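Colleague: I would like to see how this sequence folds:
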Amino acid sequence: MPSQNDEDLKLVHIPALVAVLLNAETKKGAPLTEQEVLGIRDSSQCMAMPLDVAVELAEERGYADIDPENAWDEWQSVRLELLYGT
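Modeller: From the prediction side, this is the model:
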């Protein structure tokens with residue numbers, strides 16, 4: 001069986017990072033700070049999986065997760081829509 005190399009793997013947050021951030025902001029009752037978003041990202045569970053499996057997981061979820069490398073910027077782009085439907 002061929003071995004996977006790092007280029008074939010994708011880190012996937014489980015549960016989805018966007019869902020964890022949404023839950024944290026809802027519980028806080030105020031916008032998360034950049035430090036909070038990055039702290040949540042860094043302490044959330046993630047798993048390395050083949051890219052095709054990661055794509056299948058996103059399809060099963062029904063939505064794509066935010067990119068952990070751009071967590072702050074992507075969170076700012078989606079949070080208002082998720083929280084307020086705007």
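Colleague: CA atoms for contacts and neighbours, from now on please.
Modeller: Will do.
Colleague: ok, which stretches of the chain are helices?
Modeller: According to DSSP state H, the chain carries its helices in the segments 17-28, 34-43, 51-61, 71-84.
Colleague: Point out the one among these that comes closest to residue 8.
Modeller: helix 51-61 (6.2 Å; Cα to Cα).
Colleague: Buried residues, that closest one. List them.
Modeller: By 16 or more other Cα atoms under 10 Å, the buried positions in helix 51-61 come out as residue 54.
Colleague: list the contacts for the most centrally placed residue in the chain?
Modeller: Nearest residue to the geometric centre of the chain (Cα atoms, centre = their mean): residue 17, 2.7 Å. Counting by Cα atoms under 8 Å, 6 or more residues apart in numbering, residue 17 touches 41, 44, 65, 66, 68.
Colleague: which intervals of the chain have sub-threshold pLDDT?
Modeller: 1-7, 86 (pLDDT under 70).
Colleague: hmm, 90 instead?
Modeller: Applying pLDDT under 90 to the chain flags residues 1-8, 58, 63-64, 80-86.
Colleague: Can you say which of the helices of the chain is nearest to residue 11?
Modeller: That would be helix 51-61 among these, by Cα to Cα, at 8.3 Å.
Colleague: Other residues contacting that closest one?
Modeller: 8, 9, 10, 12, 64, 65.
Colleague: could I get these as a markdown table with distance to residue 33 and neighbour count?
Modeller: Converted to a markdown table, the contacts of helix 51-61 look like this (distance: Cα to Cα, whole Å; neighbours: other Cα atoms under 10 Å):
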| residue | distance to residue 33 | neighbour count |
| --- | --- | --- |
| 8 | 33 | 12 |
| 9 | 30 | 16 |
| 10 | 26 | 17 |
| 12 | 22 | 24 |
| 64 | 22 | 15 |
| 65 | 19 | 18 |
